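Trainee: Have a look at this fold, sequence not included:
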């Protein structure tokens, strides 16, 4: 019984170390999926996060791969998650291996119900660039709903 527990702890420790190594060197791509416009979902906001670089906000409409697919419209392609990785490599020279997709419900739970309106206010009305507008708009983060939203499927975490 004790050796089984030690083996399980060892396996968990190896998984944690591998996860930390992957995130430290490759970054995590975070996509805010928008399902509110009907039809095929789009990506309204994106960010690249790494241990040593923090958050770098990305405008999905100007991020593209060699085929011209944009990050904003990746759900119209046959393999959206691989295309997202290719877009990050082509446009930014970064190869993320972890993808986190946050849908509208999770964004509202974590950042507040009016997050999109706040970003649009900073972006369009005040004339800021998209990435700056996102960074200025996220002033309150509620981390409590993250675990429940993962369990409900509002946040998906996958290796790409």
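Mentor: Sure thing, it's come through. As the structure is a computational prediction, the values presented were derived from the model and not from experiment.
Trainee: what about the helix ranked longest in the chain, distance to the chain center?
Mentor: Using DSSP state H to define each element, the chain has its longest helix at helix 2-26. Between the centre of helix 2-26 and the centre of its chain there are 23 Å (Cα atoms, centre = their mean, to the nearest Å).
Trainee: Residue ranges in this protein under the pLDDT threshold?
Mentor: 1, 23-24, 115-139 (pLDDT under 70).
Trainee: for it, what's the longest strand?
Mentor: strand 42-50 (DSSP state E).
Trainee: Quick one: the strands in the protein, in order.
Mentor: 28-34, 42-50, 54-58, 98-102, 155-159.
Trainee: which helices and strands sit right next to the fourth one?
Mentor: With contacts taken as 3 or more Cβ pairs under 8 Å, 6 or more residues apart in numbering; DSSP states H and E, strand 98-102 sits against helix 2-26, strand 28-34, helix 80-92, strand 155-159. From N, CA and C alone the C-beta is placed, and that goes for glycine too.
Trainee: for the first one, packing partners?
Mentor: Going back to what we said before, that points to helix 2-26. Counting contacts by 3+ Cβ pairs under 8 Å, 6+ apart, helix 2-26 packs against strand 42-50, strand 98-102.
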